[in-house]
Structure formats: C-alpha cells, structure tokens
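Chemist: Predicted model and sequence below, questions to follow.
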Amino acid sequence: MRKSITKLFLAALSLLCISGCAGRDVREPEQEIIIGVVTKSRNSEYWMSVNAGMEKAAKERNVKTVILSPDTETDKKIQKKMIQDLLKMQVDALAVSPIDSYDNQDYYAQALEMGIPVYAYDTPIADVEVPYIGIDNETVGYELARVLADKMEHKGNIAIIAGSREQTSHEKRIAGFEKYMEQEPDIHIEVEKSGYSNLRVSEQEMEEIQANYPNLDGIMTTSAVTALGLAEATRGSGIAIATLDDQEDAIRAVEEGHITVLGAQSGYEIGYETVKYIVNDKKGIKQDREKILDTQILTRENVEDYQNLKK
C-alpha cells in the first residue's frame, strides 16, 4: 500500500514537472514590427525606388511598412500631418525624410514620450539627434565640383540651382560644391537659386536665367528631376550639368551626354538599408549612429560599367 502511494506521488510530481517545463518552452509568437515611413514626395522615380527598397527589406525581415508620401517636396504641412497619423497608429518606429530639417522637435518629443524611436533617412534631421541612413552629401557635392571643373577645363561661369535650403541634404551638397570651387580661381559662381526640390526647371525659366547670365558654362543642381528639365532647356548650348540621384532617366541622360556628371545616390539602397537598420536596432544590435552609403560619380566614360554592375 505504501509503495502504491509512493508511485502515485512520483507520477503526479513527474506530470507537474512536464507541465512546468512545457510552459517554459511554449513561446508567444513575436508581435509584427510596424515601421511608419514618411517620404518627401511621390512624384519621381527616385522616391518610387526608395519605396521599393523598403518594401523588399521589410518582406525579407518579416516586418510591415506603412509608407505615406506628400505629392511634392514643398508640402511641409502635409508631411507633418502624415507623421501625426503614423504616431496615432502607434507604430513601432518612425522613419522620416524631412522636408524641413530644422522643424522636427514637436513630433520627436511626442514620439519619445510614446516610446517610438525616430530615424532620419535620405536627408538628416538637424534640430534633434537621431540616427541617419543616407549618403555623405557634402563629400558628394565636393566630388561633383571636382569632376565638373575638370570637364570645364578649370575655367568659366557656373549657376547653382538647388533644392530647398531647409533640407540639409541640399544645403550640404551646395556647401561641398562651393568648398571645392574655392580652389578654382578661374571658375566663377555667377548665380545661385534655391527652392527647386524635385521640381523641373521650365524652358522659360532657363531662358530667363540665360538672358541674365549669358556666359554660363556649367550648372550644378541638387536633384536629378531638376537636372532633366535643365538638360532639355539647354540642349545644344554646351553647358555642362552636374547633379545627383540614381534613376534611369538621369543615367540615360549621362549616356547621351545631356548630363555631364551624376552622383548616383541609390534610392533603392537607402530605402533597403533604412528598414534593415531599424530592424537591427529593434533587435538590440549595436550600430553606428550614421549609416553612410556609397555614391558613384558617373560620367559618360564610366556609366556603362556602372550599368553592367547593376545587372
């Protein structure tokens, strides 16, 4: 009788142990990470490429992206509203390419209070410290100036037609460009215009610029969309054009000789690496505060090699 009771006790103890061990082994499925993304625009090949890179990385890492895009890079209020909408959704992370690099403290403070980390991509945020994923804009501006000066045989007059100076990406590209040009005593910057953030320069606008500055030999512009408009308006004039963004129509313009030098900033890579960086951060993987991506400087001489490498 005593042996029977002992056996029953041991059996019960064994069942309790099995039940307890099973409880420790059973894990709740991990909650899906939702990354809220706000771009600067929806109306260019570059931004479509950014979105494609993000969606690819999200699929590979089993996370979800909610991507909102203003119509143009001038829609600052719309972008702020989209950021608020994402915060209301209580996303797990917020990635912003700011239309205004100097006006982000309000939503950043709100996100911080909610425990939502904020990341800048493509364009750095200047008024709060957050991780940045993108290119070194100042270095690329410097390299574009170096190649353009060489193509102009180190003499002549230049116009700078830039995007919004509220965006540090455009501001730093110009700063790097001007820094190099300080070394070129026979190249003169005749005029600088800003506000062309992903906006095409019309033929009429270019005619007005050429009428006021008839001796231009080169133009630096900080986005490919603007450069493509310039290339059409100045075709046959011999004016050399320098710009940025890795998009097929701009690369084709380099191949055809309509754009002289292009900093091939890959929107796809920036989008992909942004999602990858955020997921790694959520997993606690140690990373640098800045993820600086490479940019190839393309001319007619090397653009074919670059295209072959992409295939």
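Modeler: That came through fine.
Chemist: any low-confidence regions in the stretch 51-200 of the chain?
Modeler: For the stretch 51-200 of the chain, residues meeting the criterion pLDDT under 70 lie at 197-200.
Chemist: how about the strands of it, start to end?
Modeler: Here the stretch 51-200 of the chain has its strands, by DSSP state E, counting those that start in this stretch, at 64-68, 93-96, 118-121, 132-135, 156-161, 187-193.
Chemist: Could you check how far residue 302 is from residue 230?
Modeler: Distance of residue 302 to residue 230, given as CB to CB, to the nearest Å: 22 Å. C-beta: built from backbone N, CA, C; applies to glycine.
Chemist: Can you pick out the residue with more neighbours from the two?
Modeler: Neighbour comparison, residue 302 and residue 230: the larger count goes to residue 230, with 27 against 12 (by other CB atoms under 10 Å).
Chemist: for the more buried one, what are its contacts?
Modeler: Applying CB atoms under 8 Å, 6 or more residues apart in numbering to residue 230 gives the contacts 161, 201, 206, 219, 221, 241.
Chemist: ranking the residues you listed by neighbours, who comes first?
Modeler: residue 221 (28 neighbours).
Chemist: partner residues bridging it?
Modeler: Residues in a beta bridge with residue 221, per DSSP bridges, are residue 161.
Chemist: And the pLDDT at it?
Modeler: On pLDDT, residue 221 comes in at 94.
Chemist: One more: the one 10 residues further on?
Modeler: In this model, residue 231 is scored at 90, pLDDT.
Chemist: that older thread, quick one: which of the strands of the stretch 51-200 of the chain is nearest residue 77?
Modeler: strand 64-68 (13.5 Å; CB to CB).
Chemist: Neighbouring strands of the closest one in the sheet, and parallel or not?
Modeler: Partners of strand 64-68 in its sheet, by DSSP bridges: strand 34-38 (parallel).
Chemist: For residue 133, see how far away residue 99 is.
Modeler: In terms of CB to CB, residue 99 sits 17 Å off from residue 133.
Chemist: err, residue 276, not the other one
Modeler: From residue 276 to residue 133 the distance is 9 Å (CB to CB).
Chemist: just residue 217 next, same as before
Modeler: 36 Å.
Chemist: now do residue 212
Modeler: 39 Å.
Chemist: The two: which has the busier surroundings?
Modeler: More crowded of residue 212 and residue 133, by other CB under 10 Å: residue 133, with 26 against 11.
Chemist: Export the contacts of residue 230 to JSON lines and append columns for distance to residue 186.
Modeler: Shown next, in JSON lines, are those (distance: CB to CB, whole Å):
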{"residue": "161", "distance to residue 186": "21"}
{"residue": "201", "distance to residue 186": "26"}
{"residue": "206", "distance to residue 186": "24"}
{"residue": "219", "distance to residue 186": "17"}
{"residue": "221", "distance to residue 186": "22"}
{"residue": "241", "distance to residue 186": "19"}
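Chemist: tell me the contacts of residue 105?
Modeler: Counted by CB under 8 Å, 6+ apart, residue 105 has contacts 127-128.
Chemist: quick one: buried residues of stretch 47-55?
Modeler: Applying a neighbour-count criterion of 16 or more other CB atoms under 10 Å, one finds 47-51, 53-55 buried in stretch 47-55.
Chemist: Could you list the residues in contact with it?
Modeler: So stretch 47-55 is contacted by 35, 37, 39-42, 65, 67, 69, 97, 122, 198, 246-247, 266-275 (CB under 8 Å, 6+ apart).
Chemist: Derive a ChimeraX selection command for the buried subset of the residues you listed.
Modeler: In ChimeraX syntax, the buried subset of the contacts of stretch 47-55 is picked out as below (16+ other CB under 10 Å):
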select :35,37,39,40,41,65,67,69,97,122,198,246,247,266,267,268,269,270,271,272,273,274,275
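Chemist: Helices - which of the contacts of stretch 47-55 land there?
Modeler: Mapping the contacts of stretch 47-55 onto helices (DSSP state H) picks out 267-275.
Chemist: from those residues, which single one is nearest residue 171?
Modeler: Nearest to residue 171 among the ones in helices among the contacts of stretch 47-55, counting by CB to CB, is residue 270 at 18.0 Å.
Chemist: Show me where the stretch 101-250 of the chain has its helices.
Modeler: Here the stretch 101-250 of the chain has its helices, by DSSP state H, counting those that start in this stretch, at 105-114, 137-151, 168-181, 203-212, 224-233, 248-255.
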